[in-house]
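J.: show me the folded form of this:
(one chain, ligands or ions: 1)
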Amino acid sequence: MATKIPEAPRVGMVSLGCPKNLVDSERILTKLRSDGYAMSPDYAGADVVLVNTCGFLDSAKEESLEAIGEAIAENGRVIVTGCMGKEAEVIRARFPNVLAVTGAHQYEEVVGAVHDAAPMPPSPFVNLVPDAGLKLTPRHYSYLKISEGCNHRCAFCIIPALRGDLVSRRPDAILREAEKLVEAGTKELLVISQDTSAYGVDIRKEPRPWKGGEVIPHMTDLARELGKIAPWVRLHYVYPYPHVDQVIPLMAEGLILPYLDIPFQHASPSVLRSMKRPANEAKVLERLKKWREIAPDLTIRSTFVVGFPGETEADFQYLLDWLDEAQLDRVGAFRFEPVEGAPANDLPGAVPEEVKEERYARIMEKTAAISAAKLQAKIGRTLEVIIDEVGEEGGATGRSQADAPEIDGEVFLRDAGHLSQGDIVQVEIEDADEHDLYGVPLA
Ligand code: SF4
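T.: Residues are numbered from 1 along each chain as shown. Okay, the predicted model is just below:
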């Protein structure tokens, strides 16, 4: 008689917050899948729903609480994990019926809670996990998390309190994961952490065997090896420590993308001091200039906070002037928002909301103009573009090397119906606006 494989319990997942949280969700799902669980795309079909929360800002916390409420209303059997897990009492006060609350990176606890809530199928037959794990991103790009936590204590941030000090992953484990992702179809690796340039400071003296040699846990060495594995490697959350100079030649050689995501947050020395920002040094502009001499196509993306306590009109004007000089390619701006538990909340000199709004509008206007001019200069050039989506009427959407998914611009293509998602093609740029490019693939 044939063995009947029992039906696996189904798990639904709601993943909120940043790419780092998305990677955590992927890890949890991968483990559950390898334990035999099935995934449910909707609330109705799920035996239990996991909500992976974000607690970075008060607005993100509120969004997390709303997501928990929705999952409880729609399904009723809910496990909460992620950054808001630190505030279990807040969650339980509002939703006494949640089955379990676990914190960020508590993979074993969250998986254990799922086992308790929807016991594992008593069959060892089901093992459908691809080698690269389960992904929430499209097949052609993947986030690669290289460390957890952060050794800095920026005044506006509670990440170190939520996630602890920096803990680096072993370089050989990261490289093996990268290989599996590429074998499974990934063309672009997005390296993420809280502080990518600090990678390895905690395990610097522990090189690991790799491909007949050794790999040192250092950003430059890791980037070089990753560059040999994936066609595109993009570095996020890099602070401009002096050793960042060493990765620029790798960009000039084409080993990694000429792209750096550096969250400067401000330029005025006094604001940076009160923010307690790392790598806060005066010579950044000179170094940007040198980097661009070595890798002329270098794209620098950054984020800035306006209205930080104590920011004067002179500080803000300093920032605008600095941006004129720095000519950053991509900029996101935020109005300062006090996060519960952040030391910045106790600083004097709160900036009135209307002043924050006004400064926000001014910085957006400035950076949009810089971006538009930079994109105009690309008209007529041929750029390498990765295809994200092919439309039905011959169009396609992709990204140039200067564009990270979700946060930067796009390249809209005509006459591109023959292309497939994940293709990397040469594109002639025909037009541009403030944030996006338009072009046609070359034969
Ligand atoms: S570098 Fe600063 S902002 Fe970034 S995670 Fe660390 S403490 Fe937070």
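
J.: over to residue 402: give its phi and psi.
T.: When read as degrees, to the nearest 10, the backbone of residue 402 gives phi -80, psi 0.

J.: what is the burial count for it?
T.: For residue 402, the count of nearby residues is 23 (other Cβ atoms under 10 Å). Every C-beta, even on glycine, is put in place using the N, C-alpha and C of the backbone.

J.: how much space between it and residue 384?
T.: 10 Å (Cβ to Cβ, to the nearest Å).

J.: ok and the residue in the stretch 251-400 of the chain nearest the ligand?
T.: For the stretch 251-400 of the chain, the nearest residue to the ligand under the criterion Cβ to the nearest ligand atom is residue 278, separated by 5.7 Å.

J.: can you classify that residue as helix, strand or coil?
T.: With DSSP: H, G, I helix; E, B strand; the rest coil as the basis, the three-state label of residue 278 is coil.

J.: what is the three-state secondary structure of the residue nearest to residue 15 when sequence neighbours are not counted?
T.: On the basis of Cβ to Cβ, 6 or more residues apart in numbering, the spatially nearest residue to residue 15 that is not a chain neighbour turns out to be residue 25, at 3.9 Å. Secondary structure assignment for residue 25 (three-state DSSP): helix.

J.: quick one, what contacts residue 398?
T.: Listed by Cβ atoms under 8 Å, 6 or more residues apart in numbering, the contact set of residue 398 reads 385-388, 410-411, 413, 425, 427.

J.: next, format the residues you listed as a markdown table and append neighbour count.
T.: Shown next, in a markdown table, are the contacts of residue 398 (neighbours: other Cβ atoms under 10 Å):
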| residue | neighbour count |
| --- | --- |
| 385 | 27 |
| 386 | 22 |
| 387 | 23 |
| 388 | 19 |
| 410 | 18 |
| 411 | 26 |
| 413 | 26 |
| 425 | 18 |
| 427 | 23 |
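
J.: farthest-separated two in the residues you listed?
T.: Spatially, the most separated pair among the contacts of residue 398 is 410 and 425, at 14.5 Å (Cβ to Cβ).

J.: gap between residue 58 and residue 65?
T.: Distance from residue 58 to residue 65, counting by Cβ to Cβ: 11 Å.

J.: nope, residue 53 is what I meant
T.: Shown here: residue 53 relative to residue 65, a distance of 8 Å by Cβ to Cβ.

J.: next, count neighbours for the residue nearest to residue 87 when sequence neighbours are not counted.
T.: Setting aside the residues directly before and after it, residue 87 is nearest to residue 55 in space (Cβ to Cβ, 6+ apart), at 6.8 Å. For residue 55, the neighbour count with other Cβ under 10 Å is 27.

J.: okay, and the common contacts of residue 53 and residue 65?
T.: Both residue 53 and residue 65 are contacted by residue 84, under the criterion Cβ under 8 Å, 6+ apart.

J.: quick one, which of these two is more surrounded?
T.: When residue 53 and residue 65 are compared on other Cβ under 10 Å, the one with more neighbours turns out to be residue 53, at 28 against 19.

J.: state the distance from that one to residue 96.
T.: Between residue 53 and residue 96 the computed distance is 17 Å (Cβ to Cβ).

J.: now swap in residue 30 and tell me
T.: Residue 30 sits 31 Å away from residue 96, going by Cβ to Cβ.

J.: check residue 349 too.
T.: With distances defined as Cβ to Cβ, the gap from residue 349 to residue 96 amounts to 41 Å.

J.: quick one: pLDDT of the residue nearest to residue 87?
T.: Looking at residue 55, its pLDDT reads 79.

J.: OK, contacts around it?
T.: Here residue 55 is in contact with 61, 64, 82-84, 86-87, 158, 162 (Cβ under 8 Å, 6+ apart).

J.: any idea which of the residues you listed is closest to the ligand?
T.: Closest to the ligand out of the contacts of residue 55 is residue 158 (7.7 Å), distances taken as Cβ to the nearest ligand atom.

J.: ok, back up a step: the residue of the stretch 251-400 of the chain closest to the ligand and residue 239 touch, don't they?
T.: Yes: with contact defined as Cβ atoms under 8 Å, residue 278 and residue 239 form a contacting pair (5.0 Å).

J.: joint contacts of those two?
T.: For the pair residue 278 and residue 239, residues contacting each of them under the criterion Cβ under 8 Å, 6+ apart are residue 195.

J.: could you find the closest non-adjacent residue to residue 405?
T.: Counting by Cβ to Cβ, 6+ apart, the nearest residue to residue 405 once its immediate chain neighbours are dropped is residue 141, at 5.9 Å.

J.: give me the beta-bridge partners of the residue nearest to residue 378 when sequence neighbours are not counted?
T.: Nearest in space to residue 378, with sequence neighbours left out and distances taken as Cβ to Cβ, 6+ apart, is residue 429 at 5.0 Å. When bridges are assigned using DSSP bridges, the partners listed for residue 429 are residue 439.

J.: okay, now residue 429: neighbour count?
T.: Neighbours of residue 429 under the rule other Cβ under 10 Å: 21.

J.: just residue 205 next, same as before
T.: When counting by other Cβ under 10 Å, one arrives at 8 neighbours for residue 205.

J.: gap between it and residue 218?
T.: Looking at residue 205 against residue 218, where the rule is Cβ to Cβ, the gap reads 11 Å.

J.: residues near the residue in the stretch 1-150 of the chain positioned nearest to the ligand, how many?
T.: When distances are taken as Cβ to the nearest ligand atom, the stretch 1-150 of the chain reaches nearest to the ligand at residue 150, 3.2 Å away. Residue 150 is surrounded by 22 other residues when neighbours are defined as other Cβ under 10 Å.

J.: phi, psi of it?
T.: Taking degrees, to the nearest 10 as the convention, residue 150 sits at phi -160, psi 140.

J.: does it touch residue 159 like I think?
T.: Yes: under the criterion of Cβ under 8 Å, residue 150 is in contact with residue 159, at a separation of 5.6 Å.

J.: give me the common contacts of these two.
T.: residue 194.

J.: for the stretch 251-400 of the chain, what lies in contact range of the ligand?
T.: With Cβ under 6 Å from any ligand atom as the criterion, the stretch 251-400 of the chain comes near the ligand at residues residue 278.

J.: who's residue 78 bridged to?
T.: Bridge pairing for residue 78 (DSSP bridges) gives the partners residue 49.

J.: let the chain start at 733 from now.
T.: New numbering, starting at 733: the last item is residue 810.

J.: do you know how far it is from residue 893?
T.: Distance, residue 810 to residue 893, by Cβ to Cβ: 25 Å.

J.: again with residue 755
T.: For residue 755, the distance to residue 893 under the criterion Cβ to Cβ works out to 20 Å.

J.: ditto for residue 1153
T.: From residue 1153 over to residue 893 the distance is 40 Å, taken as Cβ to Cβ.
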